[in-house]
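Asker: Sharing a model prediction with you, sequence too.
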Amino acid sequence: MRRIFSKLLYEIEEENDVMLVTVAADRGSAPRGAGAEMLVGRHGRITGSVGGGAVEFQAEKMAMELLAEKKSGLHEFTLRPNSREDIGMQCGGDVTVLFAYVAAEDLRWSLLAGAVCDRIESGKDGWLIRPLDGGVPSLYGPEGLLSGEPVEEALIPVLCTRHNVTTDRYFAAPLPQFGRVVIFGGGHIAQALTPLLGTVDFRCVVLDNRPDYSRKELFPGAEDVICCDYEDIAASVTLSGEDYVIIMTNGHAHDLTVEAQVLRSPYAYLGVIGSRSKIAAVNQKLTEMGIDPEKLKTIHTPIGVSIRAVTPAEIAVSILGELILCRAEIREGEKPGHQACPMHGQP
């Protein structure tokens with residue numbers, strides 16, 4: 001979303017009318033879920049994606065046609081063979097796509113795009129509420145309306161939630177929060193993982209108790225690199241319920257020390273590297289230290305998705321995959337998870 005609205009603001013400043021294309025709803029198996037966005041100009045796609053393949057081709061084509069007519073629209077694409085509008089896709093689902101015409105001369109769009117970018121950059125909570133008639137969206141924060149026209153007061157609790165919401169009149173989505181990954185241990189895996197995190201919009205802080213492994217040049221893209229005392233991590237970092245914590249220090253004793261402190265702190269995700277035998281031994285000691293066994297069940301360990309990773313780079317990829325999955329599960333809440341890859345679509 002940040003990239004989309006940053007580019008939207010640029011196009012408005014260049015006095016270019018554009019079309020903001022948003023997946024407002026998805027059913028069954030679809031390449032991208034609700035909230036996927038694409039910006040289209042008179043020569044075609046500028047940035048973003050609503051799924052690739054035939055659905056994106058058709059959406060881009062429709063966006064260019066509507067842009068030439070200076071109109072907004074709402075269209076449902078059926079992603080399976082059918083007699084009404086067969087676009088040649090076999091996914092088996094449907095997507096409802098919102099086409100919002102953005103006139104460069106309309107100051108409301110410029111104000112909205114700037115407000116969205118500022119809100120995301122500040123890391124503050126916010127909700128973008130798009131009218132399904134293609135009108136200018138409204139931006140809300142916990143403090144109230146920030147940009148656009150006010151929405152009925154009774155709908156605010158319904159639309160401003162942690163999850164995407166589609167009604168008969170609106171599509172609402174929370175602004176992205178760029179979760180912070182806090183890594184304890186600056187070894188080879190952390191060095192391989194850190195540059196990857198920024199590519200999928202995670203922030204990163206690395207902590208190690210060794211000065212030689214606490215040098216910022218080892219961790220390109222890291223927000224901060226700290227030489228800390230593992231016995232007192234609170235002196236170096238304050239954890240929140242939004243943080244993704246990874247523990248992979250240079251020894252089992254250090255892992256245990258850090259893990260015991262993290263388990264008494266808030267976090268969104270906790271992953272710990274190690275073999276199953278090490279995990280069992282550490283969990284036994286944590287239980288003896290008074291940690292609730294139910295709490296231990298929330299730990300992702302062995303860390304990472306199972307891809308038979310061996311090298312530090314492979315393990316880093318497996319950890320990144322697990323972080324992406326965890327973030328999606330948090331975002332989607334109790335809703336069925338949406339798998340963006342067409343190879344893993346729902347039947």
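Answerer: All right, it came through fine.

Asker: which residues of the stretch 201-347 of the chain fall in strands?
Answerer: 203-208, 224-227, 244-247, 269-272 (DSSP state E, counting those that start in this stretch).

Asker: can you list contacts of the third one?
Answerer: Contacts made with strand 244-247 from outside it, assessed by CB atoms under 8 Å, 6 or more residues apart in numbering, are listed as 179-185, 190, 193, 202, 239, 255, 258-259, 262, 267-273, 303, 319, 323, 326-327. Glycine gets a C-beta too; all of them are placed from N, C-alpha and C.

Asker: Tell me how many other residues surround residue 94.
Answerer: Residue 94 has 17 neighbours, counted by other CB atoms under 10 Å.

Asker: Secondary structure of it: a helix, I assume?
Answerer: No - using DSSP: H, G, I helix; E, B strand; the rest coil, the assignment for residue 94 is strand, not a helix.

Asker: hang on, it packs against residue 76?
Answerer: Yes - using CB atoms under 8 Å, residue 94 makes contact with residue 76 at a distance of 5.9 Å.

Asker: in its sheet, what does the one helix or strand residue 25 maps to sit against?
Answerer: Following DSSP states H and E, one finds residue 25 within strand 18-27. Strand 18-27 pairs in its sheet with strand 37-41 (antiparallel), strand 93-102 (antiparallel), by DSSP bridges.

Asker: can you list contacts of the first one?
Answerer: Spelled out, that is strand 37-41. Contacts of strand 37-41 (CB under 8 Å, 6+ apart): 1, 4, 7-8, 11, 16, 18-23, 45-50, 56, 59-60, 63-64, 67.

Asker: got the CA positions of that strand in PDB?
Answerer: As requested, the backbone C-alpha atoms of strand 37-41 are provided in PDB (Å, rounded to 0.1, in the frame of the first residue of the first chain):
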ATOM      1  CA  GLU A  37      -3.800  -3.200  -5.500                       C
ATOM      2  CA  MET A  38      -2.600  -2.000  -8.800                       C
ATOM      3  CA  LEU A  39      -2.100   1.500 -10.200                       C
ATOM      4  CA  VAL A  40      -2.800   1.900 -13.900                       C
ATOM      5  CA  GLY A  41      -2.100   4.800 -16.200                       C
END
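
Asker: avg pLDDT for it?
Answerer: Across strand 37-41, the average pLDDT comes to 95.

Asker: pLDDT weak spots in this protein?
Answerer: Low-confidence segments of the chain (pLDDT under 70): 28-32, 52, 79-92, 177-178, 332-347.

Asker: so where do the helices sit in it?
Answerer: Applying DSSP state H to the chain gives helices spanning 2-13, 53-69, 107-122, 156-159, 188-197, 252-262, 276-288, 293-296, 312-332.

Asker: Out of these, indicate the one that is most buried.
Answerer: Comparing the helices of the chain on average neighbours per residue, with mean count of other CB atoms under 10 Å, the densest one is helix 188-197 at a mean of 21.

Asker: Next, the angle from that one to strand 203-208.
Answerer: 170 degrees (axes from the mean of the first three to the mean of the last three CA atoms, to 10 degrees).

Asker: Run the angle between helix 188-197 and helix 312-332 for me.
Answerer: 50 degrees.

Asker: packing partners for helix 188-197?
Answerer: strand 180-184, strand 203-208, helix 312-332 (3 or more CB pairs under 8 Å, 6 or more residues apart in numbering; DSSP states H and E).

Asker: Quick one: the strands paired with strand 18-27 as JSON lines, columns for distance to residue 298 too.
Answerer: Below are the strands paired with strand 18-27 laid out as JSON lines (distance: least, CB to CB, whole Å):
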{"stretch": "strand 37-41", "distance to residue 298": "32"}
{"stretch": "strand 93-102", "distance to residue 298": "32"}
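
Asker: For residue 128, find the nearest of those strands.
Answerer: Closest to residue 128 of these is strand 37-41 (CB to CB; 10.3 Å).

Asker: quick check, distance from the closest one to the centre of its chain.
Answerer: Its chain's average C-alpha position is 19 Å from that of strand 37-41, according to CA atoms, centre = their mean, to the nearest Å.

Asker: ok, back up a step: so of the strands of the stretch 201-347 of the chain, which one's packed in deepest?
Answerer: Highest mean neighbour count of those: strand 244-247, a mean of 26 (counted as mean count of other CB under 10 Å).

Asker: Tell me how far that one lies from the chain's centre.
Answerer: Distance, stretch centre to chain centre, for strand 244-247: 17 Å (CA atoms, centre = their mean).

Asker: what's the answer for stretch 156-170, then?
Answerer: 18 Å.

Asker: Go through the strands paired with strand 18-27 and name the closest to residue 249.
Answerer: That would be strand 37-41 among the strands paired with strand 18-27, by CB to CB, at 39.6 Å.
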